[in-house]
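**Q** What follows is a predicted structure for the sequence shown.
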Amino acid sequence: MRDVAARQWAATVAAIRSFLREPTNALLLVLFPPVVIVAYDLALDAFVGVPGIDAPAAVGELGGTMFAAAFLAGLVGVFQVVGATGPDRRLEICGYRRWEVLLARILAIVLVGVVVALVSFGTFLLRSDIEPASSGRAIAALVVAAVTYGLLGVIIGGLIGRELEGSLVLVFLVDLDAFLATEAFPVDTWIDDYLPLVRPYALFESAIFDGTLPTDDGIEAAVYAVILLALALAIVRLRGETP
């Protein structure tokens, strides 16, 4: 069992290295969260207090933190499909079965999701004057958002098949999603309940202000992630790069 775990860990590390091998990607993990959080804060603070807009004073910081975690993990997801074909082939040559390579991709997304959640939350703490009611639960909510968009990144990468175009679609989707999830503006459409970040943002906001994770939102977020996982696996299989 220990040998199996070590073997799988080696494949997962290889999947992560294939993303971090580009210096730009490594810099994004460090520089992107503070830039986005500050930008979101400045953009949305102008609307706080405007009649008809019911939003907490920290909506920009909350939305920016959620955006940073989701986008970075989504970017990893895109690259796990589009940019990892070469490393995957090398792993298969070394004797790894295709399902092991696929599992390594998923584990890489989860691990990077945890890292980007920690970096994003750390930036939030440095930037915000808010004392989180529960830091652990807030980080867990960000991990949920990161994993959700990591899987969505796999889907986008699998459907589009190119890094640049996939990244552009991703940034547009995350931006719109995070903006609507904050509910800073009275936009009432049927699509609101089905956006990927609606439940993770509700979990994050509740953890920050109340120190709780609403059960209903948690269950719905988990179901959403499972559906995305199934779609991601199906798309990767159809691409023929893994089983």
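**A** That came through fine. Numbering: from 1, shown residues only.
**Q** What is the neighbour count of Arg98?
**A** Arg98: 14 surrounding residues under other C-beta atoms under 10 Å. All C-beta spots, glycine's among them, are computed from the backbone N, C-alpha and C.
**Q** what's the distance between it and Thr12?
**A** Using C-beta to C-beta, to the nearest Å, Arg98 is found at 15 Å from Thr12.
**Q** ditto for Val198
**A** In this view, Val198 and Thr12 are 30 Å apart by C-beta to C-beta.
**Q** In this structure, what residue spans correspond to helices?
**A** 2-20, 23-45, 59-82, 85-93, 98-127, 135-160, 163-181, 198-209, 215-239 (DSSP state H).
**Q** For Ile191, which of these is the nearest?
**A** Ile191 lies closest to helix 163-181 among those, at 8.1 Å (C-beta to C-beta).
**Q** Between helix 198-209 and the closest one, find me the angle.
**A** Inter-element angle recorded for helix 163-181 and helix 198-209: 60 degrees (by axes from the mean of the first three to the mean of the last three C-alpha atoms, to 10 degrees).
**Q** Which residues belonging to helix 163-181 are considered buried?
**A** Neighbour-count burial for helix 163-181 flags 163, 166-167, 169-170, 173-175, 177-181 (criterion: 16 or more other C-beta atoms under 10 Å).
**Q** starting at the chain centroid, how far to it?
**A** Here helix 163-181 is found 11 Å from its chain centre; the criterion is C-alpha atoms, centre = their mean, to the nearest Å.
**Q** Keeping just the C-alphas, turn it into CSV.
**A** C-alpha atoms of helix 163-181 as CSV (Å, rounded to 0.1, in the frame of the first residue of the first chain):
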residue,chain,number,x,y,z
GLU,A,163,-4.4,27.2,-23.7
LEU,A,164,-4.9,30.9,-24.7
GLU,A,165,-8.5,30.5,-25.8
GLY,A,166,-9.4,28.3,-22.8
SER,A,167,-7.9,30.9,-20.4
LEU,A,168,-9.9,33.7,-22.0
VAL,A,169,-13.1,31.8,-21.7
LEU,A,170,-12.2,30.9,-18.1
VAL,A,171,-11.5,34.5,-17.0
PHE,A,172,-14.7,35.7,-18.6
LEU,A,173,-16.7,33.0,-16.9
VAL,A,174,-15.1,33.4,-13.4
ASP,A,175,-15.5,37.2,-13.6
LEU,A,176,-19.2,37.0,-14.4
ASP,A,177,-19.7,34.2,-11.9
ALA,A,178,-18.0,35.9,-9.0
PHE,A,179,-19.7,39.2,-9.7
LEU,A,180,-23.2,37.6,-9.7
ALA,A,181,-22.4,35.4,-6.7
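**Q** Show me what it is packed up against.
**A** Secondary-structure packing of helix 163-181 (3 or more C-beta pairs under 8 Å, 6 or more residues apart in numbering; DSSP states H and E): helix 59-82, helix 135-160, helix 198-209.
**Q** Pull out the buried positions in the second one.
**A** By neighbour count with 16+ other C-beta under 10 Å, helix 135-160 contains the buried residues 137-158, 160.
**Q** Over to stretch 34-41?
**A** Residues of stretch 34-41 classed as buried by neighbour count (16+ other C-beta under 10 Å): 34, 36-37, 40-41.
**Q** and which of these is nearest to Val226?
**A** Nearest to Val226, judged by C-beta to C-beta, of the buried residues of stretch 34-41 is Val36 at 27.7 Å.
**Q** gap between Val223 and Leu107?
**A** Taking C-beta to C-beta, one finds Val223 at 21 Å from Leu107.
**Q** Neighbour count: those two, which is higher?
**A** Leu107 (17 against 11).
**Q** Alright, that wraps it up for me.
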